[in-house]
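J.: Okay, structure incoming, though there's no sequence with it:
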């Protein structure tokens, strides 16, 4: 099961117990991910992915939230790509 998707979204800051930055996967792409999640998740509904933002590529897990998925954006990526909260970015996901 291999799937690739690309979308744009805003970098959001989540002020939880462990603060983090995310981009929300749009509704349509989230539905596609939900449809395959049973085949690719390793628990709690999280989905392992390879992410590309600009020239940066890393592996992480998508987190389900309110019927959508969140892509965590690492500090090193934000620094390398010179992006911050509120910026619109294009994300490419590779699943599987």
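T.: Perfect, thanks for sending it. Here the structure is a predicted model, which is why all the values come from computation and not from measurement. Residues are numbered from 1 along each chain as shown.
J.: what's the single longest helix in this protein?
T.: helix 27-40 (DSSP state H).
J.: what residues does it touch?
T.: Here helix 27-40 makes contact (Cβ atoms under 8 Å, 6 or more residues apart in numbering) with 1, 3, 5, 7, 25, 45, 47-48, 62, 64, 67-69, 95-96. C-beta coordinates here come from the backbone N, C-alpha and C atoms, glycine included.
J.: Can you tell me which residue is spatially central in this protein?
T.: With distances taken as Cα atoms, centre = their mean, the residue of the chain nearest its centroid is residue 71 (1.8 Å).
J.: ok, how many other residues are close to the residue nearest to residue 47 when sequence neighbours are not counted?
T.: Nearest residue to residue 47, sequence neighbours excluded (Cβ to Cβ, 6 or more residues apart in numbering): residue 62, at 4.4 Å. Neighbour count of residue 62, defined by other Cβ atoms under 10 Å: 25.
J.: who touches residue 62 in this structure?
T.: Residue 62 touches 25, 33, 46-47, 49, 69-71, 93, counting by Cβ under 8 Å, 6+ apart.
J.: so where do the helices sit in the chain?
T.: 27-40, 75-81.
J.: Now the weakest link among those, please, by mean pLDDT.
T.: Mean pLDDT is lowest for helix 27-40 out of the helices of the chain, coming in at a mean of 92.
J.: ok so, going back, for the residue nearest to the residue nearest to the centre of the chain when sequence neighbours are not counted, name its beta-bridge partners.
T.: Nearest residue to residue 71 in three dimensions, chain neighbours excluded: residue 23, at 4.7 Å (Cβ to Cβ, 6+ apart). Taking DSSP bridges, one obtains residue 11, residue 71 as the residues bridged to residue 23.
J.: Please consider this matter closed, and thank you.
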